[in-house]
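Enquirer: Model the following, please.
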Amino acid sequence: MAEVHCFTSATFAYLDRARVLGGTLRRHHPHWTFWLCLPDEEPPGFAFDPGREPFDHVVRPADLGIPDVSAWIFGHDVVELCTAVKGAMLHRLLENGAGKVVYLDPDVALFADLRPVEALLERHAVVLTPHLLHAETTVQGVLDNEIGALKHGIYNLGFLAVANTGEGRRFARWWRDRLLAHCMDDVPAGLFTDQRWCDHAPALFDGVHVLRDPGYNVASWNVAHRPVEIGPDGVIRAAGRPLRFFHFTKLGAVGRTMLERNAGDRLAVFELVKWYEAALARHAAAGVPKGWWAYGTYADGTPIPRAHRRAYRAQPELRRRFPDPFAAGPGAFVDHAAQGSDA
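Expert: Model (predicted):
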């Protein structure tokens, strides 16, 4: 079996989640190599010691061969950046000889092994999981989930697996290039960060497998059709299949509302949530301010408006005039943008 490399992408604000993912991954796959792609910089006074973390390696955007990386970073908000690096990271791992690569979002936890995914990558180049496996039967379900998937992507890119084959590498190059140039949260324009691009994958590439096992990528949007149960044997199942991993996305008010709407009175789901919240508390990153992201402000601490990022990204002349967009003070891009000047 080829060596498996797994990676996630997270800022320091999500370090607790990445640690929980790492712990569950180690439990089920101690021999996989686990990478953190870290599109962030340490908060002042926070000592980040990778040797004390569950990651084998930590990679920053500057390590991914991205031209004009600081300017490229500036053109993204935090969600866009955390997803935009995924293509370059996948391509890097395959180019460096990884036999199989699995991506998992930081807010995922494993409850069983992913050996079936390893086996699938012996026969397929790419493995994707759809948001939905069943047609919705209520108006609310259609609005929330079927139309939601049409807006945000048929496949949930909280999971992706790619084999180091000719077709797998061709997919990785294509996805890297699209995300470097077009990873934006702009649903009206047909883009939702990295995700909508993979709607094309089954048409553009051979060997794309759609994994329809209900035990993979269980989340608030599909749990209504994947009832979670904890058996007397201790095995957690979703729709009768072993629960491989649960995607604890947006556990704040929105995510909890969706879980309550879709899970109903199935208490096992909320037992998982209770366990996950306790695990996050145990792995909290003391010293990381709430909502920290190093690239969220100009050099003087002023928050960067989304409109500034969009203008800088869209206008090559601005990138030529202001090679360091994070700088502050007279003559800096922030001063130009605040005046509403044309390039």
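
Enquirer: tell me the domain boundaries of the protein?
Expert: As recorded under automatic domain parsing, the domains making up the chain are 4-282, 306-338.

Enquirer: winner for burial among those?
Expert: Stretch with highest mean neighbour count among the domains of the chain: domain 4-282 (a mean of 18; mean count of other CB atoms under 10 Å). Bear in mind the C-beta positions are built from the backbone N, C-alpha and C, glycine included.

Enquirer: What is the end-to-end distance of it?
Expert: Separation of the first and last residues of domain 4-282 by CA to CA, to the nearest Å is 28 Å.

Enquirer: same check, this time on stretch 140-152
Expert: 17 Å.

Enquirer: What of stretch 276-290?
Expert: Where stretch 276-290 begins and where it ends lie 19 Å apart, using CA to CA.

Enquirer: which residues touch that stretch?
Expert: Outside stretch 276-290, the residues within contact range by CB atoms under 8 Å, 6 or more residues apart in numbering are 12-13, 15-17, 19-20, 23, 43, 45-47, 109, 246, 248, 251.

Enquirer: tell me the contacts of residue 96?
Expert: Under the criterion of CB under 8 Å, 6+ apart, residue 96 has no contact partners.

Enquirer: Any figure for the gap between it and residue 73?
Expert: Distance from residue 96 to residue 73, counting by CB to CB, to the nearest Å: 23 Å.

Enquirer: so where's this structure shaky on pLDDT?
Expert: 1-2, 252-255, 341-343 (pLDDT under 70).

Enquirer: residue ranges of the helices in it, please?
Expert: Along the chain, counting by DSSP state H, helices occupy 15-28, 69-74, 78-95, 115-120, 139-141, 147-152, 166-182, 201-204, 253-263, 267-282, 306-314, 316-321, 333-338.

Enquirer: Residues touching the first one, excluding its own?
Expert: Residues from elsewhere that reach helix 15-28, judged by CB under 8 Å, 6+ apart: 6, 8, 10, 32, 34, 36, 53-55, 104-114, 245, 248, 276, 279-280, 283-285, 288.

Enquirer: what do you get for the shortest one?
Expert: Where contact means CB under 8 Å, 6+ apart, the residues beyond helix 139-141 that reach it are 224, 261-262.

Enquirer: Those residues into a markdown table, with extra columns for distance to residue 120?
Expert: Shown next, in a markdown table, are these (distance: CB to CB, whole Å):
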| residue | distance to residue 120 |
| --- | --- |
| 224 | 26 |
| 261 | 32 |
| 262 | 27 |
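
Enquirer: Next, the contact list for residue 45, please.
Expert: By CB under 8 Å, 6+ apart, the residues touching residue 45 are residue 287.

Enquirer: thinking again about what came up before, tell me which two of the contacts of stretch 276-290 sit farthest apart.
Expert: The distance between the two most remote of those (CB to CB) is 33.8 Å, for 45 and 246.

Enquirer: what sits against residue 66?
Expert: Contacts of residue 66 (CB under 8 Å, 6+ apart): 72, 88, 180.

Enquirer: residue contacts, the last one?
Expert: For residue 180, the residues meeting the contact criterion (CB under 8 Å, 6+ apart) are 66, 72, 84, 87-88.

Enquirer: Same question for the second one.
Expert: Residue 88 makes contacts with 61, 64-66, 176, 179-180, as judged by CB under 8 Å, 6+ apart.

Enquirer: Equivalent analysis for the first one, please.
Expert: Going by CB under 8 Å, 6+ apart, residue 72 touches 61, 66, 180.

Enquirer: Excluding chain neighbours, what is closest to the residue nearest to the spatial centre of the chain?
Expert: By CA atoms, centre = their mean, the chain has its centre lying nearest to residue 105, at 4.2 Å. Leaving aside its chain neighbours, residue 105 sits nearest to residue 158 (3.7 Å; criterion: CB to CB, 6 or more residues apart in numbering).

Enquirer: for the one you found, phi and psi?
Expert: In terms of degrees, to the nearest 10, the main-chain angles of residue 158 are phi -70, psi -10.

Enquirer: Good, we can wrap up now.
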